[in-house]
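*Asks:* coords please:
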Amino acid sequence: MSYEPYDPYAWHSLVTFDPPAEVIGPRARLADFCRRHPTVSPVDIIGCSRLRFISVLRQAFMAELYDSGRYSLPAIGRFLGGRDHTTILHGVRAHRARMTQ
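*Replies:* Just a heads-up that it's a prediction; the model follows:
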(Lines give C-alpha, C1' and ligand atoms only; values in the text may rest on other atoms or scores of the structure.)
Protein backbone atom coordinates (compact mmCIF):
# COMPACT_ATOMS: atom_id res chain seq x y z
CA MET A 1 0.00 0.00 0.00
CA SER A 2 1.40 3.39 -0.93
CA TYR A 3 0.67 6.66 0.77
CA GLU A 4 1.03 10.20 -0.48
CA PRO A 5 3.54 12.28 1.46
CA TYR A 6 2.01 14.61 4.01
CA ASP A 7 1.54 18.12 2.68
CA PRO A 8 0.84 20.67 5.45
CA TYR A 9 -0.42 23.15 2.86
CA ALA A 10 -2.94 20.81 1.20
CA TRP A 11 -5.77 22.36 3.22
CA HIS A 12 -5.16 25.66 1.41
CA SER A 13 -6.66 24.29 -1.82
CA LEU A 14 -9.78 23.32 0.11
CA VAL A 15 -10.13 26.67 1.84
CA THR A 16 -9.71 28.73 -1.33
CA PHE A 17 -12.04 26.56 -3.40
CA ASP A 18 -14.38 28.64 -5.55
CA PRO A 19 -17.47 26.63 -6.42
CA PRO A 20 -18.61 26.66 -10.02
CA ALA A 21 -21.37 29.11 -10.92
CA GLU A 22 -23.92 26.28 -11.16
CA VAL A 23 -23.52 25.54 -7.45
CA ILE A 24 -23.92 29.09 -6.15
CA GLY A 25 -27.35 29.79 -4.65
CA PRO A 26 -29.56 32.80 -5.32
CA ARG A 27 -28.45 34.67 -2.18
CA ALA A 28 -24.81 34.41 -3.15
CA ARG A 29 -25.69 35.43 -6.71
CA LEU A 30 -27.56 38.45 -5.34
CA ALA A 31 -24.58 39.45 -3.21
CA ASP A 32 -22.28 39.07 -6.22
CA PHE A 33 -24.68 41.08 -8.41
CA CYS A 34 -24.77 43.91 -5.86
CA ARG A 35 -20.96 43.91 -5.66
CA ARG A 36 -20.84 44.35 -9.44
CA HIS A 37 -23.52 47.08 -9.30
CA PRO A 38 -22.72 49.13 -6.17
CA THR A 39 -25.57 51.60 -6.75
CA VAL A 40 -28.11 49.08 -5.43
CA SER A 41 -28.39 46.93 -2.35
CA PRO A 42 -29.97 43.48 -2.02
CA VAL A 43 -32.91 45.17 -0.29
CA ASP A 44 -33.44 47.32 -3.39
CA ILE A 45 -33.42 44.30 -5.71
CA ILE A 46 -35.83 42.29 -3.56
CA GLY A 47 -37.92 45.31 -2.57
CA CYS A 48 -40.82 46.99 -4.32
CA SER A 49 -39.21 50.24 -5.47
CA ARG A 50 -40.33 51.37 -8.92
CA LEU A 51 -37.44 53.77 -9.50
CA ARG A 52 -36.22 53.24 -13.05
CA PHE A 53 -32.58 52.46 -12.30
CA ILE A 54 -33.57 49.94 -9.62
CA SER A 55 -36.19 48.20 -11.74
CA VAL A 56 -33.77 47.95 -14.68
CA LEU A 57 -31.15 46.33 -12.47
CA ARG A 58 -33.82 44.09 -10.90
CA GLN A 59 -34.77 42.90 -14.38
CA ALA A 60 -31.11 42.26 -15.17
CA PHE A 61 -30.86 40.13 -12.03
CA MET A 62 -34.04 38.25 -13.00
CA ALA A 63 -32.51 37.49 -16.40
CA GLU A 64 -29.23 36.43 -14.81
CA LEU A 65 -31.00 33.93 -12.54
CA TYR A 66 -33.25 32.66 -15.31
CA ASP A 67 -30.40 32.30 -17.82
CA SER A 68 -28.44 30.21 -15.35
CA GLY A 69 -30.96 27.46 -16.10
CA ARG A 70 -31.13 26.48 -12.47
CA TYR A 71 -34.23 28.37 -11.34
CA SER A 72 -37.80 28.35 -12.60
CA LEU A 73 -39.83 31.51 -13.02
CA PRO A 74 -41.93 30.80 -9.87
CA ALA A 75 -38.77 30.09 -7.84
CA ILE A 76 -37.22 33.38 -8.93
CA GLY A 77 -40.47 35.16 -8.09
CA ARG A 78 -40.53 33.66 -4.60
CA PHE A 79 -36.91 34.70 -4.02
CA LEU A 80 -37.60 38.25 -5.22
CA GLY A 81 -40.24 39.06 -2.67
CA GLY A 82 -43.15 36.90 -3.77
CA ARG A 83 -43.51 38.20 -7.30
CA ASP A 84 -45.67 36.37 -9.83
CA HIS A 85 -43.94 34.24 -12.47
CA THR A 86 -45.35 36.46 -15.24
CA THR A 87 -43.64 39.47 -13.66
CA ILE A 88 -40.34 37.58 -13.85
CA LEU A 89 -41.01 36.60 -17.47
CA HIS A 90 -41.74 40.25 -18.33
CA GLY A 91 -38.52 41.33 -16.61
CA VAL A 92 -36.44 38.75 -18.49
CA ARG A 93 -37.97 39.72 -21.83
CA ALA A 94 -37.56 43.45 -21.13
CA HIS A 95 -33.90 42.95 -20.23
CA ARG A 96 -33.26 40.94 -23.39
CA ALA A 97 -34.99 43.60 -25.48
CA ARG A 98 -32.79 46.30 -23.91
CA MET A 99 -29.67 44.24 -24.62
CA THR A 100 -30.51 43.79 -28.32
CA GLN A 101 -31.02 47.52 -28.90
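
*Asks:* Any buried residues in the host helix or strand of Val92, and which?
*Replies:* Assigning secondary structure by DSSP states H and E places Val92 in helix 85-100. Judged by neighbour count using 16 or more other Cβ atoms under 10 Å, the buried positions of helix 85-100 are 87-88, 91-92, 94-95. To be clear about C-beta, it is placed using only N, CA and C from the backbone, and glycine gets the same treatment.

*Asks:* Out of these, which comes closest to His37?
*Replies:* Among the buried residues of helix 85-100, His95 lies closest to His37 (Cβ to Cβ), at 13.3 Å.

*Asks:* so where's the chain uncertain?
*Replies:* Judged by pLDDT under 70, the chain has its weakly predicted residues at 1-23.

*Asks:* Helices of that one, start to end?
*Replies:* Ranges of helices in the chain, per DSSP state H, are 10-15, 26-36, 42-46, 52-67, 73-79, 85-100.

*Asks:* Can you list the helices and strands that the last one packs against?
*Replies:* Under the contact criterion of 3 or more Cβ pairs under 8 Å, 6 or more residues apart in numbering; DSSP states H and E, helix 85-100 touches helix 52-67, helix 73-79.
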